[in-house]
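In: turn this into a structure:
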Amino acid sequence: MTRHSVDLLSLIAGSLVLAIGLVLLTGGVSDVAMEWVGPAVAIGLGVMILVAARPQSEPKDEPAPTDEA
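Out: This next block holds a predicted model:
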């Protein structure tokens with residue numbers, strides 16, 4: 001089996017989901033207002049979607065193929 005590189009976006013997303021789940025399961029943290037958890041999760045998911053949707057490399061400036069029959 002060959003090794004592959006670490007997917008940092010998935011690692012960070014999984015860690016974030018785990019941390020939020022633990023906070024919600026334990027009843028919250030006394031310093032964190034729980035009414036901010038929902039909006040913070042929504043904002044975090046939006047940022048992750050934007051990062052994941054960006055192109056991985058710059059498009060090359062190649063001429064469009066022409067049909068010469």
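In: mind listing the helices for the protein?
Out: In the chain, the helices defined using DSSP state H lie at 8-25, 37-53.
In: need those helices in JSON lines (columns: mean neighbour count, mean pLDDT and distance to residue 31).
Out: For every residue, glycine as well, the C-beta is placed using N, CA and C. As requested, the helices of the chain are exported to JSON lines (neighbours: other Cβ atoms under 10 Å; pLDDT from 0 to 100; distance: least, Cβ to Cβ, whole Å):
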{"stretch": "helix 8-25", "mean neighbour count": "11", "mean pLDDT": "82", "distance to residue 31": "11"}
{"stretch": "helix 37-53", "mean neighbour count": "11", "mean pLDDT": "80", "distance to residue 31": "13"}
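In: of all these, which lies closest to residue 1?
Out: helix 8-25 (18.8 Å; Cβ to Cβ).
In: in terms of secondary structure, what does the closest one contact?
Out: helix 37-53 (3 or more Cβ pairs under 8 Å, 6 or more residues apart in numbering; DSSP states H and E).
In: helices and strands around the helix it packs on, which ones?
Out: helix 8-25.
In: again, 6 Å this time
Out: Packed against helix 37-53, as judged by 3 or more Cβ pairs under 6 Å, 6 or more residues apart in numbering; DSSP states H and E, are no other helices or strands.
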